[in-house]
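# quick one, what's the 3D model for this:
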Amino acid sequence: MCKMAMAERHWTSFGKCSLQGMEIHAQATKNGRLQSDVFVENALVDMYGKCGSIENACNVFGKMHQRNVISWTVMMSGFAQNGCLDDAFKLFQEMPVKNVISWTVLIVGCAQNGCLEEAVTLFQQMQAAGLKPNSNTFASVLSACANLTALDEGMMIHGKIIKNGFLYDVFVGSALVDMYAKCDSIENARSYFDRMPERNTVSWTTMIRAYVQIGHSDVALKLFQQMQVLGLKPDPNTFSSILPACANLAALDQGKEIHVEIIKCKFQSDIFIANALVDMYAKCGSIKKARSVFDNIHQRDVVSWNAMISGYAMHGCAKEARALFEQMQQSHIIPDQFTLISVLSACCHAGLVEEGRQYFDNLRQRYHITPTMEHYGCMVDLLGRAGHLDEAHDFINRMPIKPNATVWGCLLSACRVHTNIELGEYAAERIIELNPNDAAPYIVLPNLYAKAGRWGDIDKVQKKMKENKVEKNPGCSWIEVNKDIYAFLSETGHTKKPKTFKVG
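Numbering: from 1, shown residues only. This is a model prediction of the structure:
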């Protein structure tokens, strides 16, 4: 009927179901109303489906003498909510009458269960059947387009939203902002957001998250402040979205203020917020506070452990990172690829070559993780920093996947530190082949040549950089003064002063 996951969910479903609902079921059976009142039967099917007790929902549905369109729809919704899409589709095909809610339930189910293309196809079929979508329909199909990064389809649906009179629906509007943002059309997302006549917490959170994801954390913080001035209360999603902005800007004071707001709202037990707090404090340099938050998380997931291990790694605390990794395994939390990246990074910064080799060798055998480009990059960096340049080069040549510019960049940086010009030139050539616009080899090579006194070669590199029109991205750093964030943007040339401007 359903998948194995349903069997596991069934054992806990009664704990989730309302005791009062079960009592009503028993009372309805006793009074003989269960098989004579379709309204009661529909409510029971809906209740059991939402509680995860899909077998009980099926039992009630199967014994119904009379079914209306609501009966079919709530049963289909139960299947969709519990991940039984095949059963939901089968029931949908058997439905004698389908209305807009029936179609929408299936579209929502597909969007929520990752069947994104099916959701868009169902939306098209629904329109072909002559049915007018409602706000839930539009919001769900926009969500599917967003996760597919299907901008063209999303824009077509935007047109249909205007045609059907849902342009100023706040629920649909938030979905539109999310769709444009996830399709890398931040200008359209912000344009529509600014024109929304009504914006709720979801709308603001969607826009804030969009700016954080594209690296505009300063703008995200400004939006968060505007949201609060307008009197809108942040929800858990808002807080888990804005904390990474503080982390990216190392805005510790603002992060602390947000933490206070979280406590006032009694959201500190939310696992997503707690994980974001650990990450924020670690990236803002307050590793002890990060550990304090971590220790107070009652039910840690793999993200919790990863955030703390990563924090130790970036602070060079290899001993603490490795100890926490062992504690994680003793707690029966299965490490994922990001866990091992953090552990390898910790070994790299501490120069623990043998330990790093052991962790890498255990990726497949012990942890059942297929090494990614990041894992290989960590190993090249580890070997390179320790001066094992030939071994690092040989490691790259034996990689089962084609090394990217970042991997070669690790080797190039190691060659600069250990003054290996020949291998450094080779690594630089590989980077230029893979990414001609990457300024790194044009910056590192002159430093390498300067150590060897090869001034003529420096001129050649700089000339080639100009010929290829490669530009160096200006360096940028942040500082927080009296809760305001200032950015320092460097200019090219030794005599030019850095630009300073307020960003939050």
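# run through the neighbouring helices and strands of the helix or strand hosting A88.
For A88, the element it lies in under DSSP states H and E is helix 85-94. Applying 3 or more C-beta pairs under 8 Å, 6 or more residues apart in numbering; DSSP states H and E, one finds that helix 85-94 makes contact with helix 69-81, helix 100-112. Heads up, the C-betas are built off the backbone N, CA and C, glycines and all.
# what would those helices look like in CSV with mean neighbour count?
Shown next, in CSV, are those (neighbours: other C-beta atoms under 10 Å):
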stretch, mean neighbour count
helix 69-81, 23
helix 100-112, 23
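# what about the residue nearest to the spatial centre of the chain, distance to D178?
A centroid search over the chain (C-alpha atoms, centre = their mean) returns Q213, at 8.6 Å, as the residue closest to the centre. Applying C-beta to C-beta, to the nearest Å, the value for Q213 to D178 is 11 Å.
# again with K256
29 Å.
# look at those two and report which has more neighbours.
Shown here are K256 and D178; by other C-beta atoms under 10 Å, D178 has more neighbours (25 against 16).
# what strand or helix carries that one?
D178 belongs to helix 170-182 when elements are defined using DSSP H and E.
# mind checking how far the closest residue to F166 other than its chain neighbours is from K160?
Distance criterion C-beta to C-beta, 6 or more residues apart in numbering; nearest residue to F166, sequence neighbours excluded, is V172 at 4.8 Å. V172 sits 11 Å away from K160, going by C-beta to C-beta.
# cool, and G424?
For G424, the distance to K160 - C-beta to C-beta - is 57 Å.
# which helices and strands does the host helix or strand of I262 pack with?
In the assignment (DSSP H and E), I262 maps to helix 252-264. Counting contacts by 3+ C-beta pairs under 8 Å, 6+ apart, helix 252-264 packs against helix 236-249, helix 271-283, strand 476-481.
# mind putting those into JSON lines with distance to N437 and mean neighbour count?
Output for the helices and strands packed on helix 252-264, formatted as JSON lines (distance: least, C-beta to C-beta, whole Å; neighbours: other C-beta atoms under 10 Å):
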{"stretch": "helix 236-249", "distance to N437": "24", "mean neighbour count": "23"}
{"stretch": "helix 271-283", "distance to N437": "28", "mean neighbour count": "25"}
{"stretch": "strand 476-481", "distance to N437": "18", "mean neighbour count": "13"}
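# only C-alpha atoms, please: export whichever helix or strand Q327 is part of in CSV.
Per DSSP H and E: Q327 is located in helix 318-330. Provided in CSV are the C-alpha atoms of helix 318-330 (Å, rounded to 0.1, in the frame of the first residue of the first chain):
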residue,chain,number,x,y,z
ALA,A,318,42.0,20.6,16.0
LYS,A,319,42.1,18.7,19.3
GLU,A,320,38.6,19.9,20.2
ALA,A,321,37.2,19.3,16.7
ARG,A,322,38.5,15.7,16.7
ALA,A,323,37.3,15.0,20.3
LEU,A,324,33.8,16.3,19.4
PHE,A,325,33.8,14.2,16.3
GLU,A,326,34.5,11.1,18.4
GLN,A,327,31.7,12.2,20.8
MET,A,328,29.4,12.6,17.9
GLN,A,329,29.9,9.0,16.8
GLN,A,330,29.5,7.7,20.4
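# by contact count, what packs against that helix?
By 3+ C-beta pairs under 8 Å, 6+ apart, helix 318-330 packs against helix 302-314, helix 337-350.
# buried residues in it?
A318, E320, A321, R322, L324, F325, M328 (16 or more other C-beta atoms under 10 Å).
# so where's the stretch 401-504 of the chain shaky on pLDDT?
Along the stretch 401-504 of the chain, the model assigns pLDDT under 70 to residues 472-504.
# could you rerun that using 50?
Within the stretch 401-504 of the chain, the set of residues satisfying pLDDT under 50 comprises 492-497, 501.
# and the helices in it?
For the stretch 401-504 of the chain, applying DSSP state H, counting those that start in this stretch gives helices covering 405-418, 421-434, 440-452, 455-467.
# so which of those is the most surrounded?
helix 405-418 (a mean of 22; mean count of other C-beta atoms under 10 Å).
# who's in contact with that one?
Residues from elsewhere that reach helix 405-418 (C-beta atoms under 8 Å, 6 or more residues apart in numbering): 373, 376-377, 380-381, 383-385, 387, 389, 392-393, 396, 399, 420-421, 423-424, 427-428, 430-431, 434-435, 438, 440-441, 444, 447-448, 451.
# could you rerun that using 7 Å?
Contact with helix 405-418 is made by 373, 376-377, 380-381, 384-385, 387, 389, 392-393, 396, 423-424, 427-428, 430-431, 434-435, 438, 440-441, 444, 447-448, as judged by C-beta atoms under 7 Å, 6 or more residues apart in numbering.
# CA atoms only for it - export them in CSV, please.
Extracted as CSV, the C-alpha positions of helix 405-418 are listed here (Å, rounded to 0.1, in the frame of the first residue of the first chain):
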residue,chain,number,x,y,z
ALA,A,405,40.6,25.3,-10.0
THR,A,406,40.2,25.3,-6.3
VAL,A,407,42.1,22.0,-5.9
TRP,A,408,44.9,23.4,-8.1
GLY,A,409,44.8,26.6,-6.1
CYS,A,410,45.6,24.7,-2.9
LEU,A,411,48.7,23.3,-4.6
LEU,A,412,49.7,26.7,-6.0
SER,A,413,49.4,28.3,-2.5
ALA,A,414,51.6,25.6,-1.1
CYS,A,415,54.1,26.1,-3.8
ARG,A,416,54.3,29.8,-2.9
VAL,A,417,54.8,29.0,0.8
HIS,A,418,57.5,26.4,0.0
